[in-house]
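>>> here you go, sequence then predicted model.
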Amino acid sequence: MNAERGQTAERAGLYVHIPFCLTRCGYCDFNTYAGLDHLSGRYVEALMAEAGLAAAEWSAPFTSLFLGGGTPTTLPAATIHRLLECFRRAFEFEVDAEVTSEANPDTVDQAYLAELREAGVNRLSIGLQSFDPSVLKAFERIHSAESARSAFGAARLAGFESVNLDLIYGADGETLDSWRRTVSEAIALEPEHLSCYALTIEPATSLGRKVAAGLVPAPDPDVQAEMYASACSLLADAGFEHYEISNWAKPGRRSVHNLGYWEGNPYLGLGAGAHSHRDGVRWWNVRPPQQYLEEVEAGRLPVGGSESLGERERSMERLLLGLRVSDGVPMDWVDDERAALFIADGLAERRGDRIALTDRGMFVANDLVLELTG
């Protein structure tokens, strides 16, 4: 592994996975766990130890740091402060690096968020999902619409000037009108960034099992397409730039960390199940937190597997990632005849010597990429 992951001068992103949650939502397929808080002390120590083990191979100045999960804000703010101080000692960061923490509404208040801000977190991503109580119930979320509003207000009072709100559409019983009200209420809070994701059904989740048993209907793709189009319209009218399939930002407020993924920049992942990428090689840590702890506590990098991408795979990935963002890709990356068809159908548009997907095209981006490569 060391020979394949040599030193690089590219800018990079650092992702830190916190797997702990108060409860596990029915749709969630992430590497997250409820009821493992007793491991949190060891886990934090392991994260710091893993940073020390990985630091020698990363000379790149990190342009972003993202605390994700799970729910990072289940950890005490003072603990997050310790982690950030450790990472700053282990790695080089750009002076104006973006430092984001995910948060769930019921795990934060103004005092807690003020401590995060003091620790150096300068961007907050709040998992609201919906303002509709029936939709929150369908998602098995434990917070209320009111606590979501309170969390956003607390973030502002704590000094956060860059806040993202996560929303999900397509839950059982959610109507187009309900979704439009959620988006409108999110806009009214005046966040700098919004992420709107179509609900997907993963077989191994509680929701996936209910769908398989016929207890809950799967999302209707036609309704989700209408919801997506509605979000595009409402957010455009409110001055948001649709810069990536599921992401909108006010001018100058795009997510630096996520753009790094879509632009193919290197990134290092720390924590159970975290993924990393550099120089055409992807690798990932072991997923179970207990196994992760055992590996790191034995002084080993907790790598669970890796793969090297061939030239075709790298080209396909570069195209797929490039077409996710509004800037698109060079025309000579795609098949001319197929591109002309998609442009005629309103799924793509030509911008000088580049081709980019329209809002309609972004909704079916994965299918279009396969067609555009010929």
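Nice, I can see it.

>>> list the contacts of R42.
Each residue near R42 by C-beta atoms under 8 Å, 6 or more residues apart in numbering is listed here: 293, 297. The C-beta positions use only the backbone N, C-alpha and C, and glycine is treated the same way.

>>> for E226, what are its contacts?
Neighbours of E226 in contact, by C-beta under 8 Å, 6+ apart: L176.

>>> now with 10 Å?
169, 176, 179-180, 220 (C-beta atoms under 10 Å, 6 or more residues apart in numbering).

>>> ditto for V369
So V369 contacts 316-317, 319-324, 329, 334, 357 (C-beta under 10 Å, 6+ apart).

>>> ok, now Y169?
Contacts of Y169 by C-beta under 10 Å, 6+ apart are 129-130, 135, 176, 178-179, 182-183, 196-199, 219, 223-224, 226-228, 230-231.

>>> for it, which residues count as its bridge partners?
Taking DSSP bridges as the rule, Y169 bridges to A198.

>>> measure it to L215 for me?
21 Å (C-beta to C-beta, to the nearest Å).

>>> low-confidence ranges, the protein, go.
Within the chain, the segments meeting pLDDT under 70 span 1-10, 373-374.

>>> re the thing from before, tell me which of the contacts of Y169 fall in strands.
129, 196-198 (DSSP state E).

>>> narrow the contacts of V369 to those in strands?
Assigned to strands by DSSP E, the following of the contacts of V369 qualify: 329, 357.

>>> by neighbour count, which of the contacts of V369 wins?
L323 (26 neighbours; other C-beta atoms under 10 Å).

>>> give me the buried subset of the contacts of E226.
169, 179-180 (16 or more other C-beta atoms under 10 Å).

>>> Serialize those residues to CSV and add fields for distance to V364.
Listed next are those as CSV, based on distance: C-beta to C-beta, whole Å:
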residue, distance to V364
Y169, 16
W179, 19
R180, 22
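
>>> which one of the residues you listed is nearest D345?
Taking C-beta to C-beta as the measure, D345 lies nearest Y169 of these, at 24.1 Å.

>>> from E146, how far out is the closest one?
21 Å.

>>> S162 now?
Distance from S162 to E146, by C-beta to C-beta: 23 Å.

>>> more neighbours, those two?
S162 (20 against 11).

>>> can you pull out the strands in the stretch 101-250 of the chain?
Shown for the stretch 101-250 of the chain, the strands assigned by DSSP state E, counting those that start in this stretch span residues 123-129, 163-169, 193-198, 241-244, 247-249.

>>> re the thing from before, identify the farthest-apart pair in the contacts of E226.
Across those (C-beta to C-beta), the longest gap, 16.2 Å, separates R180 and D220.

>>> report the central residue of the chain.
N258 (6.7 Å; C-alpha atoms, centre = their mean).

>>> was I right about it contacting R123?
No. The pair N258 and R123 does not pass the contact test of C-beta atoms under 10 Å, sitting 11.0 Å apart.

>>> which neighbours do the two have in common?
Joint contacts of N258 and R123 (C-beta under 10 Å, 6+ apart) are 64, 66, 98, 100, 164, 193.

>>> quick one, which of the residues you listed are buried?
Of these, these count as buried by 16+ other C-beta under 10 Å: 64, 66, 98, 100, 164, 193.

>>> D37 - how many residues pack around it?
14.

>>> wait, isn't it in contact with L75?
Yes. Assessed by C-beta under 10 Å, D37 is found in contact with L75 at 9.4 Å.

>>> got any residues that touch both of these two?
In contact with both D37 and L75: 20, 43, using C-beta under 10 Å, 6+ apart.

>>> got the buried residues for stretch 190-197?
Per 16+ other C-beta under 10 Å, stretch 190-197 contains these buried residues: 191-196.

>>> hey, C-alpha coordinates of that stretch in PDB?
Taking Å, rounded to 0.1, in the frame of the first residue of the first chain, the C-alpha atoms of stretch 190-197 are listed here in PDB:
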ATOM      1  CA  GLU A 190     -31.900  31.700   5.000                       C
ATOM      2  CA  PRO A 191     -29.200  29.100   5.100                       C
ATOM      3  CA  GLU A 192     -26.200  29.400   2.900                       C
ATOM      4  CA  HIS A 193     -26.500  25.900   1.500                       C
ATOM      5  CA  LEU A 194     -29.200  23.200   1.000                       C
ATOM      6  CA  SER A 195     -28.800  19.500   0.200                       C
ATOM      7  CA  CYS A 196     -31.900  17.700  -1.100                       C
ATOM      8  CA  TYR A 197     -31.700  13.900  -1.500                       C
END
